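In: Show me how the following folds:
(one chain, ligands or ions: 2)
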Amino acid sequence: MPIRRLPDTLANQIAAGEVIERPASVVKELLENSLDAGATSVRISTENAGLTGLEVLDNGKGIPQAELKLALERHATSKIETTEDLFRLNTFGFRGEALPSIASVARLTLTSRPETQPEAWQVTPEGHLKPAALPPGTRVQVADLFYATPARRKFLKSARAERSALHAVVTNAALAYPHATFTLVEDGVETWHLPAAQGDFLNALTPRLATLLGGEFAAHAQPIGAANAEGWSLGGFISPPTAHAATAREQYFFVNGRPVKDRTLQTALKQAYADRLPAGRHPMALLFLNIPAEEVDVNVHPAKSEVRFRNRDHTFGFLYAAVRQALGAPKQSFAGGQGAHTAPFAHLSSGQPMPLPNYQLPMATLPQQLRRGDEPSATRFEIPAANGHIKAPMPEGDAIGFLGAAIGQVANTFILAETADGNLTIIDQHAAHERIVYEQLKTAQAAGAIPRQPLLLPTLVTLKPTEVDTLLANAADLDKLGLELEGYSPTAVTVTAMPAALGNANPLPLVNDVARQLSDFSPRTVLHEKLDHLLSTFACHHSIRAARRLSLAEMNALLRQMEANPATLTCNHGRPTTATFAKSQLEKMFDRS
Ligand code: ADP
Ligand code: MG
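Out: Numbering: from 1, shown residues only. Ligands and ions are numbered 1, 2, ... in the order given. The predicted structure follows:
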């Protein structure tokens, strides 16, 4: 083939290949345009998760009639003029490629009206310009996505997957712009309506946290703020070490208002919590990093979801130190990089003192139901939830098994016990207890039914819309496991009963973890295949989640429970729950043997 210049349509389709992957990416580009145009209200409507059609309507500054057709041309933009502009961007867009790319793979109708223009004008999918009716602002309608590139269509996922990608895009925009109203209408049903809020950024953001990130996130979100003399600032919310998530997915980073996925930021956050969380758990965080425009290059990824920092170590150090300080950790410089951040943190411009989250460990109580009918009553585990008084008497000598008699507790976490032969046993009370509850749930389930405990007051749990759908789709199966819930709204469920073995566990984090776990399963997975997984999640929510002081009677009761079921000698995650030091080992330590 001779060399020839590609026709515009083909060039646009190639550009579309980089940015227009799915309905959610169309919405992302359109939302960015609306926000760049200064919109304070944006309405997103989709049909069949955008697969059939979608539209974005805003009240931004609009496009004059004379420029309307140009907006649909490649490399036509109103956002930059010179090369220098590229390095001091304060808009999402600058490539001038989104509208022509979308128009090359779908049927796009662009209608717009600047405030000063008496009527609106419209460009049809065929490229005709004609008058139209619209209040000041812009409306972009997109239909038949990928009709022009059927190969691309094949890569689209289920409506469920597309829908959750779409929610993620709207979530990001609504998090970065709390002063704007966002409305999401799906198949004619209003899923989200987030009214614009007033006041400083974090205050304005607070009312929409639960809707966008779920009730669990909102319940634990602690504000964080830091700034330095070089114009860097960090604001947002983080979870205290007592609240954590099963995955790192509850972490949102924004750099100068753009949502980004960035290893440097993720690692800095992880390191900051390193010694504060149980193994395998992750902090929840929503962090907005604002830094001088020349410190970051956003033109490294067509969809602009990645950025390049001029000084990675500096960025790492800034975030690490800010989170560390918010966690109340003693100041320490991170040894990892040359640029450990040393500039003093000034307080945020609001003049508020840096909020230092206050960590109260929840007083976990052991479940009243944790007892086995076939055991001597002396080893019953009977801890009333209300006042924590112990009813279980000290076990009789003959009831003591191979783990020994409890002699005390270390760090409110480990139980020490002495066996009849003078060996020392150390038990991880958290892991052991979790395992006991798990075994109990499994036994009950195998026997036909997991006993449930109705909640005195149904608990409302706010979730992401797709999580609500997933929970309700599995409601009948969850019901069999003792977890009873009902739909309340597109973004909330009410919990009416919980498995009794979980005692007075908080339904909020449990339902969140279950929802997330179910969302992770493939749509074809049937619940009973994942039952153990799910029950283990249940158990996790009632164990003594953090350090807790136990009485000797409680310790002994726990040990007797463990002896009765040897499976409890390893925790749900396969780690040991006990360690033993033989008397001979102890003697050796002191050169006695
Ligand atoms: P870019 O955003 O990179 O400039 P686009 O193809 O997304 O490129 O948009 C082209 C131009 O059309 C923009 O520069 C802007 O001037 C105009 N435009 C697009 N969408 C809107 C909107 N919702 N409101 C006002 N102007 C818009
Ligand atoms: Mg754009």
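In: Against ligand 2, how distant is the residue in the chain that ligand 1 sits nearest to?
Out: Per Cβ to the nearest ligand atom, residue 93 is where the chain lies closest to ligand 1, at 2.2 Å. From N, CA and C alone the C-beta is placed, and that goes for glycine too. Using Cβ to the ion, to the nearest Å, residue 93 is found at 3 Å from ligand 2.
In: residue boundaries of the helices in the stretch 401-550 of the chain?
Out: Applying DSSP state H, counting those that start in this stretch to the stretch 401-550 of the chain gives helices spanning 429-446, 465-473, 475-480, 507-520, 531-540.
In: Put together a markdown table for those helices, with mean neighbour count on each row.
Out: As requested, those are exported to a markdown table (neighbours: other Cβ atoms under 10 Å):
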| stretch | mean neighbour count |
| --- | --- |
| helix 429-446 | 22 |
| helix 465-473 | 20 |
| helix 475-480 | 15 |
| helix 507-520 | 21 |
| helix 531-540 | 20 |
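In: nearest to ligand 2, of the ones you listed?
Out: If you check each of the helices of the stretch 401-550 of the chain against ligand 2 by Cβ to the ion, helix 465-473 wins as the nearest, at 26.2 Å.
In: same for that closest one, what does it pack against?
Out: helix 159-176, strand 484-489, strand 492-499, helix 507-520 (3 or more Cβ pairs under 8 Å, 6 or more residues apart in numbering; DSSP states H and E).
In: Any chance you could list what contacts the worst-scoring helix or strand of the chain on mean pLDDT?
Out: Least confident helix or strand, the chain: helix 150-153 with a mean of 74, by mean pLDDT, DSSP states H and E. Surrounding helix 150-153, the residues in contact under the criterion Cβ atoms under 8 Å, 6 or more residues apart in numbering are 17, 105, 145-147.
In: Apply 7 Å and report the result again.
Out: For helix 150-153, contacts defined as Cβ atoms under 7 Å, 6 or more residues apart in numbering pick out 105, 146.
In: and it, how far from the chain's centre?
Out: Chain-centre distance of helix 150-153: 31 Å, with Cα atoms, centre = their mean, to the nearest Å.
In: got a pLDDT number for residue 359?
Out: Predicted confidence (pLDDT) for residue 359: 26.
In: Which residues of the stretch 1-150 of the chain lie near ligand 2?
Out: 33, 93, 98 (Cβ under 5 Å from the ion).
In: quick revisit: between the helices of the stretch 401-550 of the chain, which one is nearest to residue 580?
Out: Closest to residue 580 of those, according to Cβ to Cβ: helix 429-446, at 13.7 Å.
In: Hey, what's the angle from the closest one to strand 492-499? Just curious.
Out: Relative orientation of helix 429-446 versus strand 492-499 (axes from the mean of the first three to the mean of the last three Cα atoms, to 10 degrees): 90 degrees.
In: So which elements touch helix 429-446?
Out: The helices and strands touching helix 429-446, judged by 3 or more Cβ pairs under 7 Å, 6 or more residues apart in numbering; DSSP states H and E, are helix 531-540, helix 552-564.
In: Dump those to CSV, plus mean pLDDT.
Out: Formatted as CSV, the helices and strands packed on helix 429-446 follow (pLDDT from 0 to 100):
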stretch, mean pLDDT
helix 531-540, 83
helix 552-564, 86
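In: Point out the one among the ones you listed that comes closest to residue 10.
Out: Short answer: helix 531-540, nearest of those by Cβ to Cβ, at 47.9 Å.
In: what's the angle from that closest one to helix 429-446?
Out: Using the same axes, to 10 degrees: helix 531-540 against helix 429-446 is 130 degrees.
In: what angle separates helix 531-540 from helix 507-520?
Out: Going by the same axes, to 10 degrees, helix 531-540 makes 160 degrees with helix 507-520.
In: Which helix or which strand is home to residue 131?
Out: Element membership of residue 131, judged by DSSP states H and E, is strand 129-132.
In: Quick check: can you name the pairing partners of that strand and their directions?
Out: Strand 129-132 pairs in its sheet with strand 120-123 (antiparallel), by DSSP bridges.
In: and the partner strand, average pLDDT?
Out: 97.
In: Also stretch 66-84?
Out: pLDDT averaged over stretch 66-84 gives 87.
In: That stretch near ligand 1 anywhere?
Out: Yes - residues of stretch 66-84 contacting ligand 1 under Cβ under 6 Å from any ligand atom: 71, 76-79.
In: Can you check those residues and name whichever has the most neighbours?
Out: Counting neighbours by other Cβ atoms under 10 Å, the top entry in the residues of stretch 66-84 next to ligand 1 is residue 71, with 22 neighbours.
In: Just send the helices and strands packed on helix 465-473 back as TSV, with distance to ligand 2 too.
Out: Converted to TSV, the helices and strands packed on helix 465-473 look like this (distance: least, Cβ to the ion, whole Å):
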stretch	distance to ligand 2
helix 159-176	13
strand 484-489	33
strand 492-499	34
helix 507-520	30
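In: CSV please, covering those and showing mean pLDDT.
Out: Output for the helices and strands packed on helix 465-473, formatted as CSV (pLDDT from 0 to 100):
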stretch, mean pLDDT
helix 159-176, 93
strand 484-489, 91
strand 492-499, 92
helix 507-520, 86
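In: Can you lay out those as TSV showing distance to ligand 1?
Out: Putting the helices and strands packed on helix 465-473 into TSV (distance: least, Cβ to the nearest ligand atom, whole Å) gives the following:
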stretch	distance to ligand 1
helix 159-176	13
strand 484-489	30
strand 492-499	32
helix 507-520	31
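In: right, and those - which one's nearest residue 83?
Out: Nearest of the helices and strands packed on helix 465-473 to residue 83, taken as Cβ to Cβ: helix 159-176 at 26.6 Å.
In: Quick check: which ranges of this structure have low pLDDT?
Out: Scanning the chain for pLDDT under 70 picks out the ranges 302-303, 329-398, 522-529, 542-547, 593.
In: interface residues of it facing ligand 1?
Out: Counting by Cβ under 6 Å from any ligand atom, the residues of the chain that sit close to ligand 1 are 29, 33-34, 37, 58, 60-63, 71, 76-79, 93-99, 138.
In: Show me which of those residues are buried.
Out: By neighbour count, with 16 or more other Cβ atoms under 10 Å, the residues of the chain next to ligand 1 hold 29, 33-34, 37, 58, 60-63, 71, 77-78, 93-99, 138 as buried.
In: So which of the residues you listed are in helices?
Out: Secondary structure from DSSP state H places 29, 33-34, 98-99 of those in helices.
In: immediately after the host helix or strand of residue 183, which helix or strand?
Out: If you go by DSSP H and E, residue 183 is part of strand 181-186. Where DSSP H and E defines the elements, the next helix or strand beyond strand 181-186 is strand 189-194.
In: And the next helix or strand past that next one?
Out: helix 201-213.
In: ok, the residue most central in space within the chain to residue 225 distance?
Out: The centre of the chain sits closest to residue 250, judged by Cα atoms, centre = their mean, with a distance of 1.9 Å. To residue 225, residue 250 is 20 Å away according to Cβ to Cβ, to the nearest Å.
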